[in-house]
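Visitor: Next comes the sequence, and after it the predicted model I'd like to discuss.
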Amino acid sequence: MEGSSLRHGLTLLIILQFTTYYMALTSADTPFHRQRNIEYIKSSCSTTTYPRLCYRSLSIYASKINTSPRLLVHTALNVTLKASKSTSRLMIKISRIHGLRPRVAAAMADCIEVMGDSIDELRQSIGELGHIRRSNFTLSMSDIQTWVSAALTDEDTCMDGFAGRAMNGDAKAMVRKRIVKISHLTSNALALINNYASSQSNSP
(Lines give C-alpha, C1' and ligand atoms only; values in the text may rest on other atoms or scores of the structure.)
Protein backbone atom coordinates (compact mmCIF):
# COMPACT_ATOMS: atom_id res chain seq x y z
CA MET A 1 0.00 0.00 0.00
CA GLU A 2 2.85 2.28 0.97
CA GLY A 3 4.69 1.49 -2.29
CA SER A 4 1.57 2.21 -4.31
CA SER A 5 1.15 5.60 -2.64
CA LEU A 6 4.79 6.43 -3.28
CA ARG A 7 4.51 5.53 -6.97
CA HIS A 8 1.32 7.56 -7.23
CA GLY A 9 3.03 10.55 -5.61
CA LEU A 10 6.05 10.29 -7.92
CA THR A 11 3.76 10.08 -10.95
CA LEU A 12 1.93 13.24 -9.89
CA LEU A 13 5.26 14.99 -9.29
CA ILE A 14 6.53 14.05 -12.76
CA ILE A 15 3.27 15.24 -14.36
CA LEU A 16 3.50 18.52 -12.45
CA GLN A 17 7.11 19.07 -13.48
CA PHE A 18 6.31 18.29 -17.13
CA THR A 19 3.33 20.66 -17.08
CA THR A 20 5.45 23.43 -15.57
CA TYR A 21 8.19 22.85 -18.14
CA TYR A 22 5.68 22.87 -21.01
CA MET A 23 4.07 26.09 -19.79
CA ALA A 24 7.49 27.70 -19.54
CA LEU A 25 8.28 26.69 -23.11
CA THR A 26 5.03 28.08 -24.45
CA SER A 27 5.13 31.23 -22.37
CA ALA A 28 5.47 34.53 -24.27
CA ASP A 29 8.22 35.45 -21.81
CA THR A 30 10.76 32.85 -22.91
CA PRO A 31 14.05 34.10 -24.40
CA PHE A 32 12.89 33.07 -27.87
CA HIS A 33 9.62 34.99 -27.61
CA ARG A 34 11.30 38.02 -25.99
CA GLN A 35 13.78 38.21 -28.85
CA ARG A 36 11.01 37.79 -31.42
CA ASN A 37 8.97 40.55 -29.79
CA ILE A 38 11.98 42.86 -29.61
CA GLU A 39 12.77 42.28 -33.28
CA TYR A 40 9.14 43.01 -34.18
CA ILE A 41 9.28 46.36 -32.36
CA LYS A 42 12.65 47.23 -33.90
CA SER A 43 11.38 46.42 -37.39
CA SER A 44 8.16 48.40 -36.87
CA CYS A 45 10.05 51.39 -35.47
CA SER A 46 12.39 51.45 -38.47
CA THR A 47 9.54 52.92 -40.53
CA THR A 48 9.06 55.89 -38.18
CA THR A 49 10.75 59.29 -38.36
CA TYR A 50 12.50 58.82 -35.01
CA PRO A 51 13.28 55.09 -34.84
CA ARG A 52 15.66 55.23 -31.86
CA LEU A 53 13.13 57.05 -29.70
CA CYS A 54 10.43 54.68 -30.92
CA TYR A 55 12.46 51.62 -29.96
CA ARG A 56 13.53 53.02 -26.57
CA SER A 57 9.99 53.99 -25.63
CA LEU A 58 8.34 50.73 -26.71
CA SER A 59 10.87 47.93 -26.23
CA ILE A 60 10.27 47.84 -22.46
CA TYR A 61 6.70 46.77 -23.25
CA ALA A 62 7.78 43.97 -25.62
CA SER A 63 6.10 41.18 -23.63
CA LYS A 64 2.83 43.14 -23.59
CA ILE A 65 2.94 44.10 -27.27
CA ASN A 66 4.01 40.64 -28.46
CA THR A 67 3.78 40.94 -32.26
CA SER A 68 0.38 42.62 -32.39
CA PRO A 69 0.19 45.80 -34.52
CA ARG A 70 -2.90 46.86 -32.59
CA LEU A 71 -1.14 46.53 -29.21
CA LEU A 72 1.88 48.29 -30.68
CA VAL A 73 -0.25 51.28 -31.65
CA HIS A 74 -2.12 51.20 -28.33
CA THR A 75 1.14 51.22 -26.36
CA ALA A 76 2.65 54.00 -28.50
CA LEU A 77 -0.42 56.16 -27.88
CA ASN A 78 -0.37 55.45 -24.15
CA VAL A 79 3.33 56.32 -23.89
CA THR A 80 2.65 59.59 -25.72
CA LEU A 81 -0.36 60.38 -23.54
CA LYS A 82 1.61 59.75 -20.35
CA ALA A 83 4.41 62.07 -21.48
CA SER A 84 1.89 64.73 -22.54
CA LYS A 85 0.09 64.69 -19.19
CA SER A 86 3.39 64.91 -17.31
CA THR A 87 4.51 67.92 -19.38
CA SER A 88 1.13 69.59 -19.00
CA ARG A 89 1.40 69.33 -15.21
CA LEU A 90 4.90 70.81 -15.35
CA MET A 91 3.73 73.76 -17.47
CA ILE A 92 0.91 74.49 -15.04
CA LYS A 93 3.44 74.61 -12.18
CA ILE A 94 5.78 76.89 -14.14
CA SER A 95 2.91 79.21 -15.10
CA ARG A 96 2.25 79.85 -11.39
CA ILE A 97 5.78 81.10 -10.79
CA HIS A 98 5.86 84.82 -10.08
CA GLY A 99 8.19 86.95 -12.16
CA LEU A 100 7.66 85.30 -15.55
CA ARG A 101 8.02 87.77 -18.39
CA PRO A 102 4.62 88.68 -19.88
CA ARG A 103 5.38 87.09 -23.27
CA VAL A 104 6.59 83.90 -21.60
CA ALA A 105 3.54 83.77 -19.35
CA ALA A 106 1.23 84.29 -22.36
CA ALA A 107 3.01 81.60 -24.40
CA MET A 108 2.80 79.22 -21.43
CA ALA A 109 -0.94 79.82 -21.06
CA ASP A 110 -1.51 79.20 -24.78
CA CYS A 111 0.64 76.08 -24.65
CA ILE A 112 -1.29 74.68 -21.67
CA GLU A 113 -4.52 75.17 -23.61
CA VAL A 114 -3.38 73.47 -26.83
CA MET A 115 -1.69 70.66 -24.90
CA GLY A 116 -5.03 70.08 -23.18
CA ASP A 117 -6.56 69.68 -26.63
CA SER A 118 -3.76 67.31 -27.62
CA ILE A 119 -4.34 65.16 -24.53
CA ASP A 120 -8.07 64.97 -25.29
CA GLU A 121 -7.33 63.89 -28.87
CA LEU A 122 -4.92 61.19 -27.72
CA ARG A 123 -7.51 59.92 -25.24
CA GLN A 124 -10.14 59.80 -27.95
CA SER A 125 -7.77 57.84 -30.17
CA ILE A 126 -7.04 55.28 -27.45
CA GLY A 127 -10.74 54.93 -26.71
CA GLU A 128 -11.62 54.43 -30.38
CA LEU A 129 -8.84 51.88 -30.80
CA GLY A 130 -10.48 49.80 -28.10
CA HIS A 131 -13.75 49.68 -30.07
CA ILE A 132 -12.34 48.74 -33.46
CA ARG A 133 -13.98 45.80 -35.20
CA ARG A 134 -13.61 44.43 -38.70
CA SER A 135 -16.92 46.07 -39.63
CA ASN A 136 -15.84 49.59 -38.58
CA PHE A 137 -12.07 49.34 -39.03
CA THR A 138 -11.65 51.81 -41.90
CA LEU A 139 -13.85 54.51 -40.38
CA SER A 140 -12.35 54.12 -36.90
CA MET A 141 -8.78 54.23 -38.17
CA SER A 142 -9.60 57.35 -40.17
CA ASP A 143 -10.88 59.03 -37.00
CA ILE A 144 -7.77 57.98 -35.07
CA GLN A 145 -5.47 59.30 -37.81
CA THR A 146 -7.35 62.62 -37.75
CA TRP A 147 -7.13 62.97 -33.95
CA VAL A 148 -3.45 62.08 -33.72
CA SER A 149 -2.62 64.42 -36.62
CA ALA A 150 -4.49 67.18 -34.76
CA ALA A 151 -2.53 66.39 -31.58
CA LEU A 152 0.70 66.77 -33.55
CA THR A 153 -0.46 70.14 -34.88
CA ASP A 154 -1.30 71.27 -31.34
CA GLU A 155 2.20 70.37 -30.17
CA ASP A 156 3.75 72.30 -33.07
CA THR A 157 1.57 75.29 -32.15
CA CYS A 158 2.88 75.13 -28.60
CA MET A 159 6.49 75.15 -29.78
CA ASP A 160 5.83 78.04 -32.17
CA GLY A 161 4.68 80.12 -29.21
CA PHE A 162 8.16 79.96 -27.71
CA ALA A 163 9.99 81.00 -30.90
CA GLY A 164 12.26 84.03 -31.01
CA ARG A 165 15.12 85.37 -28.90
CA ALA A 166 12.78 87.34 -26.67
CA MET A 167 11.47 84.02 -25.38
CA ASN A 168 14.87 82.69 -24.28
CA GLY A 169 15.17 81.53 -20.70
CA ASP A 170 14.95 78.54 -18.38
CA ALA A 171 11.17 78.18 -18.74
CA LYS A 172 11.40 78.05 -22.54
CA ALA A 173 14.29 75.57 -22.49
CA MET A 174 12.56 73.27 -20.02
CA VAL A 175 9.21 73.27 -21.79
CA ARG A 176 10.49 73.18 -25.36
CA LYS A 177 12.68 70.14 -24.71
CA ARG A 178 9.71 68.19 -23.41
CA ILE A 179 7.34 69.36 -26.14
CA VAL A 180 9.84 68.35 -28.83
CA LYS A 181 10.02 64.85 -27.34
CA ILE A 182 6.22 64.59 -27.20
CA SER A 183 5.99 65.78 -30.79
CA HIS A 184 8.44 63.06 -31.84
CA LEU A 185 6.51 60.42 -29.87
CA THR A 186 3.28 61.55 -31.52
CA SER A 187 4.88 61.48 -34.96
CA ASN A 188 6.07 57.93 -34.33
CA ALA A 189 2.66 56.85 -33.07
CA LEU A 190 1.04 58.31 -36.19
CA ALA A 191 3.47 56.41 -38.43
CA LEU A 192 2.63 53.15 -36.64
CA ILE A 193 -1.08 53.95 -36.95
CA ASN A 194 -0.71 54.54 -40.68
CA ASN A 195 1.17 51.25 -41.06
CA TYR A 196 -1.53 49.41 -39.15
CA ALA A 197 -4.29 51.00 -41.21
CA SER A 198 -2.63 50.20 -44.54
CA SER A 199 -1.65 46.63 -43.59
CA GLN A 200 -5.21 45.77 -42.60
CA SER A 201 -6.86 47.51 -45.54
CA ASN A 202 -4.57 45.65 -47.96
CA SER A 203 -5.24 42.22 -46.41
CA PRO A 204 -7.71 39.95 -48.24
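Guide: Looks like it came in fine.
Visitor: Name the nearest residue to the most centrally placed residue in the chain, ignoring sequence neighbours.
Guide: Closest to where the C-alpha atoms of the chain average out (C-alpha atoms, centre = their mean) is residue 76, at 2.0 Å. Leaving aside its sequence neighbours, residue 76 sits nearest to residue 189 (C-beta to C-beta, 6 or more residues apart in numbering; 4.1 Å). Heads up, the C-betas are built off the backbone N, CA and C, glycines and all.
Visitor: Show the contacting residues for the one you found.
Guide: Taking C-beta atoms under 8 Å, 6 or more residues apart in numbering, we find residue 189 in contact with 73, 76, 77, 79, 80, 148.
Visitor: Just among the residues you listed, which is most surrounded?
Guide: residue 80 (30 neighbours; other C-beta atoms under 10 Å).
Visitor: helix/strand/coil for that one?
Guide: Residue 80 falls in the helix class when you classify it by DSSP: H, G, I helix; E, B strand; the rest coil.
Visitor: who are the neighbours in contact with the nearest residue to it once chain neighbours are set aside?
Guide: If the residues on either side of it in the chain are set aside, residue 80 comes closest to residue 185, at 4.3 Å by C-beta to C-beta, 6+ apart. The contact partners of residue 185, taken as C-beta under 8 Å, 6+ apart, are 53, 57, 76, 79, 80, 83.
Visitor: ok, how many other residues are close to the second one?
Guide: Close neighbours of residue 57, defined as other C-beta under 10 Å, add up to 23.
Visitor: Test my guess that it contacts residue 79.
Guide: Yes: if you go by C-beta atoms under 8 Å, residue 57 and residue 79 touch, sitting 5.0 Å apart.
Visitor: so which strand or helix has the residue nearest to residue 76?
Guide: helix 170-201 (DSSP states H and E).
Visitor: Likewise for residue 132?
Guide: Using DSSP H and E, residue 132 falls outside every helix and strand.
Visitor: got the contact list for it?
Guide: 70, 140, 141.
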